[in-house]
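Chemist: need coordinates for the following:
(2 chains)
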There are 2 protein chains.
Amino acid sequence: MAAAAGDDEVPNERVILKRYVTGFPSEDDMEVVTATARLAVPPGSAAMVVKNLYVSCDPYMRGRMTKHERPSYVPDFVLGEALVNFGVGKVMASGHPDYKVGDLVWGMTGWEEYTLVPKPETFFKINHSEFPLSYYTGILGMPGLTAWAGFFDVGKPKKGDYVFVSAASGAVGQLVGQLAKLTGCYVVGSAGSDEKVNLLKTKFGYDEAFNYKKEQDLDAALRRYFPEGIDIYFENVGGPTLEAVLDNMRNHGRIPVCGMISQYNLEEPEGVHNLFQVVAKRLRMEGFMVFDYFNQYYKFEEEMAGYLKEGKITYVEDIAEGLEKGPATLIGLFTGRNVGKQLVAIAQE
Amino acid sequence: MAAAAGDDEVPNERVILKRYVTGFPSEDDMEVVTATARLAVPPGSAAMVVKNLYVSCDPYMRGRMTKHERPSYVPDFVLGEALVNFGVGKVMASGHPDYKVGDLVWGMTGWEEYTLVPKPETFFKINHSEFPLSYYTGILGMPGLTAWAGFFDVGKPKKGDYVFVSAASGAVGQLVGQLAKLTGCYVVGSAGSDEKVNLLKTKFGYDEAFNYKKEQDLDAALRRYFPEGIDIYFENVGGPTLEAVLDNMRNHGRIPVCGMISQYNLEEPEGVHNLFQVVAKRLRMEGFMVFDYFNQYYKFEEEMAGYLKEGKITYVEDIAEGLEKGPATLIGLFTGRNVGKQLVAIAQE
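Modeler: Take a look at the predicted model:
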């Protein structure tokens, strides 16, 4: 059933990893090169070729830039090969009966123009192309499902809960806050600039927000915003923020642990000294991964598409144009340069 | 309904806290004094007077010896007053309709000969006096219920799970290991002396055990005993052990957090640096307190009494004779001097 658009070789611009990284990564660790791609699948194979339209730029990618002695939860990037992450694409050729030329899909792809996908069944079909397709790297894609699963399934929110979200204007955080408001919670977010704080309050409906870089004493800030304590802390940053939060949790609080971006670029991660609070307050800290919720994706997609149509949820993206901006864009994620969900636009449909 | 045995004043030996403690406590922080007690309840009151037979000596008492700025999960001890903890006693006088003279009970009492209990309903009746009454400070009391609730309700064990228990020969640990074996798990314990390690293997049925003081590299030790990783870590110690365990957990592992004895006497608790493993392995770390399970106590008591009768579970106690040994016994808990459940015998029934 191979339905190739043509088997000519075409140039294939890509962002590759040049060397494994310790500490803070730099643009030089990556390189934009031009390889070639064939817009056809091997005869008899069930693979597909995808033209990448948008690729997602996510903090967890930092882990894949390091060489791990023990296998990590996601594979390390391969030196000299394109970076790999979730992206939105259009099928150019397919040997798979369920994926045909012209289909719009999203899944794990390369930071490059064209990607040969050996297992198309790992890709999701896009059912709501009435929204910007870039949303499938965010609110309707992996970060959206992450926010939804982490907040509802792990956080187990109740109406009236006090919710704190760190990295609150990011791809996941902006959604957690809005889902919390839809659930009837009181929600406060922290972010790293006044612009982001303003966005949290004016755009995402956070009850309060603060710039953590301007707080001398995070513990005092949390006491101020949560005089009664925190029921749910949606953890995106780790380190000193987690430590301050632990002292301000309420009994039986929940901490869905989504990520710890403050620690990813440190040679030696910071220690958290007050884990005894987990006992004293009977806290539940629980890590989760979006992969475990992929079987609920289409249910999630319909729910979130409904919120979008009804105007109940909004989404802010930060789109870098072109793969050549890829390395700087990824580094910018770790200095907090992006405002909203960061992604890279590669091509028009 | 006051049924007093007599309202004469009697001498009442007690262990009091002399000063609040920071860092490692010493015997001098306490003092054995003789006050007086009345063996009668005030007219019209629903209180009772208990003659204390055994008092429990538990690591969590360390927290109560410190003055807390923010209220702790249990009240700080009151200077000049008897230490307070769970104990077994006999009712000497009662104004409460459900508690009568001669009843054997256990509950929160004083480190003293006689205690006036304002709320008898917080005490449990002893239904199995065919066992040593001291067991109600341990296997049939608070530590027993702690092990049972933490392992089953928080740990959610499945047959075949790999289980690691720290402080494994202690009041709680020795039971967790035996409950794990009854559930069909593979269980390894750590303890602080060869004598305790021997006990774990020969008496409590642990599959393997090791003396953590003899291990240069805890991580390597855990890799040796758990080549496939750990499903459940029953956390009693915290600090470097927790850090080594996090690196050796399996995906979706559970960590019931019961206590962190290694940290209680430090001026500044140690940091745990690898909490990102909570995300990477999708771990659940969950603190719990026995208080939340008191409504299941009598169910637990029957189950555990059944195991005892059938010889399926055994229990090792370390009994100090007399309140004058109280201060040294409590300090000994933090140097690991006790072998098995530590308690203080005060009087014969």
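Chemist: which single residue in the stretch 51-200 of chain A comes nearest to chain B?
Modeler: residue A:73 (4.3 Å; CB to the nearest CB). Backbone N, C-alpha and C define where each C-beta goes, glycine included.
Chemist: to clarify, my last question referred to chain A.
Modeler: Here chain A gets closest to chain B at one residue, residue A:271, 1.5 Å apart by CB to the nearest CB.
Chemist: if we can go back for a sec, burial measure for the residue of the stretch 51-200 of chain A closest to chain B, as a count.
Modeler: 18 (other CB atoms under 10 Å in any protein chain shown).
Chemist: residues in contact with the residue of chain A closest to chain B?
Modeler: Contact analysis of residue A:271 by CB atoms under 8 Å, 6 or more residues apart in numbering or on different chains lists B:270, B:271, B:272, B:273.
Chemist: then residue A:278?
Modeler: Contact analysis of residue A:278 by CB under 8 Å, 6+ apart lists A:246, A:285, B:257, B:285, B:286, B:287.
Chemist: narrow those to those in helices?
Modeler: Here DSSP state H is the test, and the contacts of residue A:278 give residue A:246 as lying in helices.
Chemist: and the contacts of residue A:278, which two are furthest apart?
Modeler: Maximum pairwise distance among those (CB to CB): 13.8 Å, between A:246 and B:286.
Chemist: between those two, which contacts overlap?
Modeler: Residues touching both residue A:246 and residue B:286 (CB under 8 Å, 6+ apart): A:278, A:283.
Chemist: what's the residue nearest the centre of chain A in contact with, if anything?
Modeler: Closest to where the C-alpha atoms of chain A average out (CA atoms, centre = their mean) is residue A:143, at 4.2 Å. Contacts for residue A:143 (CB under 8 Å, 6+ apart) come out as A:56, A:58, A:137, A:171, A:172, A:175, A:341.
Chemist: how many neighbours does the residue nearest to residue A:264 when sequence neighbours are not counted have?
Modeler: Nearest in space to residue A:264, with sequence neighbours left out and distances taken as CB to CB, 6 or more residues apart in numbering or on different chains, is residue A:62 at 4.1 Å. Residue A:62 has 20 neighbouring residues, counting by other CB under 10 Å.
Chemist: which residues sit against the helix or strand harbouring residue A:62?
Modeler: Assigned by DSSP states H and E, residue A:62 belongs to helix A:61-64. Contacts with helix A:61-64, where a contact means CB under 8 Å, 6+ apart, come from A:21, A:25, A:72-77, A:83-85, A:261, A:264-265, A:330, A:334.
Chemist: get me the contact residues on chain A for chain B.
Modeler: Near chain B, the residues belonging to chain A are A:72-73, A:238, A:242, A:251, A:257-260, A:263, A:268-289, A:292 when assessed by CB under 8 Å from any CB of the partner chain.
Chemist: spatially nearest residue to the residue of chain A closest to chain B (excluding sequence neighbours)?
Modeler: Nearest non-adjacent residue to residue A:271, counting by CB to CB, 6+ apart: residue B:271, 1.5 Å away.
Chemist: tell me the phi and psi of that neighbour?
Modeler: Backbone geometry at residue B:271, expressed as degrees, to the nearest 10, gives phi -90, psi 150.
Chemist: could I get the contacts of residue A:143 as a markdown table with neighbour count, pLDDT and secondary structure?
Modeler: Output for the contacts of residue A:143, formatted as a markdown table (neighbours: other CB atoms under 10 Å in any protein chain shown; pLDDT from 0 to 100; DSSP: H, G, I helix; E, B strand; the rest coil):
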| residue | neighbour count | pLDDT | secondary structure |
| --- | --- | --- | --- |
| A:56 | 25 | 97 | strand |
| A:58 | 25 | 95 | coil |
| A:137 | 31 | 98 | helix |
| A:171 | 31 | 96 | coil |
| A:172 | 29 | 97 | coil |
| A:175 | 29 | 98 | helix |
| A:341 | 28 | 97 | strand |
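Chemist: nice, that's everything, thank you.
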